[in-house]
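S.K.: Whatever this is, show me its structure:
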Amino acid sequence: FIPSNAEVSRAIVDSLLNLDGRVHIQIFNEACAGLGNMPATSARQFITKLAKIIQEDGEIGLLDALLIERVKAELHLLPLHTPSSIENVKPQIVRLIDALLHVQQINSANQLDVRYKILERVLTEEELDLFEEISDEPIDLGEIVNDIAGLLLRDRLTILGIAETCLWNDRIITQDELDVLELLYWRFGFETTEIVDQMQKKNSVMIF
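M.R.: Numbering: from 1, shown residues only. Model (predicted):
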């Protein structure tokens, strides 16, 4: 999808379309590293402009939100997370799981079954009833991952284990799914490259 009024160079868009999609994130990360220092006002304007371009297709998915978080980090605009307990952020965890399942793009019937099995690991029976339906209300995925980043180490590892269940259950992972998982590790305070390499070897995951 290429928005007709996107404020980006058409030459850049055409060049990206001719590249293997697996190198897009690498290009993005290299661009982030080259941003340098900006005045706070300019940095916020840049983030707003970037978000506007990303949501031209009508939505901001989890990968989009995590990429914006990466830019915020480079511009020193990433909000500080406050310590939280898993009980206080269960609604955010449910929304993150829904976003992860959306990344996986499995069919609707299977998605509901997988969703229920995953939520059973996090919620009580009473809470399962509360979150039985997938909410269609607008959510701020950046705020959600920031709230979850305030959990204790063991709780963040639990959430990442759930992410792996969502994305790697069939031992096959798309590049988008791997990018999401790697960015989640980073956003939750872990070194990403070594962890992803270890899990690829441990799980014999096939990437395509």
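S.K.: Name the helix or strand of the protein that has the lowest mean pLDDT.
M.R.: Lowest on mean pLDDT, DSSP states H and E among the helices and strands of the chain sits strand 206-207, with a mean of 56.
S.K.: Not counting sequence-adjacent ones, nearest residue to the most centrally placed residue in the chain?
M.R.: Nearest residue to the geometric centre of the chain (C-alpha atoms, centre = their mean): Leu62, 3.7 Å. Nearest residue to Leu62, sequence neighbours excluded (C-beta to C-beta, 6 or more residues apart in numbering): Ala99, at 4.2 Å. Where C-beta positions appear, they are placed from N, C-alpha and C, glycine not excepted.
S.K.: can you pull the buried residues of the one helix or strand that neighbour maps to?
M.R.: For Ala99, the element it lies in under DSSP states H and E is helix 90-104. By neighbour count on 16 or more other C-beta atoms under 10 Å, the buried set for helix 90-104 is 90, 92-101, 103-104.
S.K.: For Ile86, give me its contacts.
M.R.: For Ile86, the contacting residues are 93, 151, 155, 158, by C-beta atoms under 8 Å, 6 or more residues apart in numbering.
S.K.: try Gly150
M.R.: 81-84, 89.
S.K.: and the gap between Val13 and Leu19?
M.R.: 11 Å (C-beta to C-beta, to the nearest Å).
S.K.: can you check Pro39 too?
M.R.: For Pro39 relative to Leu19 (C-beta to C-beta), the value is 32 Å.
S.K.: Of the two, which one has the most company?
M.R.: Leu19 (11 against 8; other C-beta atoms under 10 Å).
S.K.: The more buried one falls within a helix, correct?
M.R.: No: counting by DSSP: H, G, I helix; E, B strand; the rest coil, Leu19 falls outside a helix, being coil.
S.K.: ok, now which ones touch it?
M.R.: Ile27.
S.K.: For the remainder of this discussion, apply numbering that starts at 87.
M.R.: All right, first residue 87 from here; so that's Leu105.
S.K.: State the phi and psi torsions of it.
M.R.: Main-chain torsions, Leu105, degrees, to the nearest 10: phi -100, psi 150.
S.K.: Now do the contacts for Arg181.
M.R.: 221, 225, 227, 230.
S.K.: Report the two of those separated the most.
M.R.: Farthest pair in the contacts of Arg181 (C-beta to C-beta) is Ser221 and Leu227. Separation: 12.8 Å.
S.K.: any low-confidence regions in the chain?
M.R.: Low-confidence segments of the chain, defined by pLDDT under 70: 87-94, 191-195, 255-257, 280-294.
S.K.: which residues in it form strands?
M.R.: 258-259, 292-293 (DSSP state E).
S.K.: Can I get stretch 144-157 in PDB? Just the C-alpha atoms.
M.R.: Output in PDB follows, covering the C-alpha atoms of stretch 144-157 (Å, rounded to 0.1, in the frame of the first residue of the first chain):
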ATOM      1  CA  GLY A 144      -5.900   3.100   8.200                       C
ATOM      2  CA  GLU A 145      -4.200   1.400  11.100                       C
ATOM      3  CA  ILE A 146      -1.000   1.200  13.100                       C
ATOM      4  CA  GLY A 147       0.000  -2.400  13.700                       C
ATOM      5  CA  LEU A 148       2.300  -3.700  16.400                       C
ATOM      6  CA  LEU A 149       5.400  -3.700  14.100                       C
ATOM      7  CA  ASP A 150       4.600   0.000  13.200                       C
ATOM      8  CA  ALA A 151       4.200   0.900  16.800                       C
ATOM      9  CA  LEU A 152       7.500  -0.800  17.800                       C
ATOM     10  CA  LEU A 153       9.400   0.900  15.000                       C
ATOM     11  CA  ILE A 154       8.100   4.300  16.200                       C
ATOM     12  CA  GLU A 155       9.300   3.400  19.700                       C
ATOM     13  CA  ARG A 156      12.700   2.700  18.200                       C
ATOM     14  CA  VAL A 157      12.700   6.200  16.700                       C
END
